[in-house]
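# quick one: sequence plus predicted model below, questions after.
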Amino acid sequence: MSSKLSAIIAAHADAVKHFRKGGELSEELELALHAYYYNQLSTKAQHDVDDDGELEQLFAHDLGNDE
């Protein structure tokens with residue numbers, strides 16, 4: 001895990017706990033992750049911040065929460 005992603009997780013610890021328990025991404029965490037994963041997202045997801053499905057998948061994978 002990169003130091004940048006670790007910093008995002010630390011800065012949004014409560015939101016990350018909520019997400020790990022099956023909750024939705026908070027708006028602040030979603031924006032931070034969108035910037036972090038931008039180059040890995042599809043063109044559609046790059047331009048639609050509300051399309052968080054890809055973000056959730058990438059983040060879950062990096063957290064080790066793949067389903």
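On my side now, so go ahead.

# please make it C-alpha for all contacts and neighbour counts, starting now.
Noted.

# what does stretch 32-42 rub up against?
4-5, 8, 46, 49, 54-55, 58-59 (Cα atoms under 8 Å, 6 or more residues apart in numbering).

# if you set the cut-off to 7 Å instead, what comes out?
Stretch 32-42 is contacted from outside by 8, 46, 54-55, using Cα atoms under 7 Å, 6 or more residues apart in numbering.

# which residues touch residue 9?
Residue 9 neighbours (Cα under 7 Å, 6+ apart): residue 16.

# what strand or helix carries it?
helix 3-11 (DSSP states H and E).

# quick one: buried residues of that helix?
Across helix 3-11, burial judged by 16 or more other Cα atoms under 10 Å covers 5, 8-9.

# state the mean pLDDT of it.
For helix 3-11, mean pLDDT is 96.

# and the next element down the chain from it?
Following helix 3-11 in sequence, per DSSP H and E, is helix 13-20.

# report the helix or strand with the lowest average pLDDT across this structure.
helix 43-47 (a mean of 77; mean pLDDT, DSSP states H and E).

# using PDB, write down the CA coordinates of it.
The C-alpha trace of helix 43-47 is given here as PDB (Å, rounded to 0.1, in the frame of the first residue of the first chain):
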ATOM      1  CA  THR A  43     -13.100   7.700 -18.600                       C
ATOM      2  CA  LYS A  44     -16.800   7.700 -17.500                       C
ATOM      3  CA  ALA A  45     -15.800   7.300 -13.800                       C
ATOM      4  CA  GLN A  46     -13.100  10.000 -14.200                       C
ATOM      5  CA  HIS A  47     -15.700  12.500 -15.100                       C
END
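
# appreciated, that's everything.
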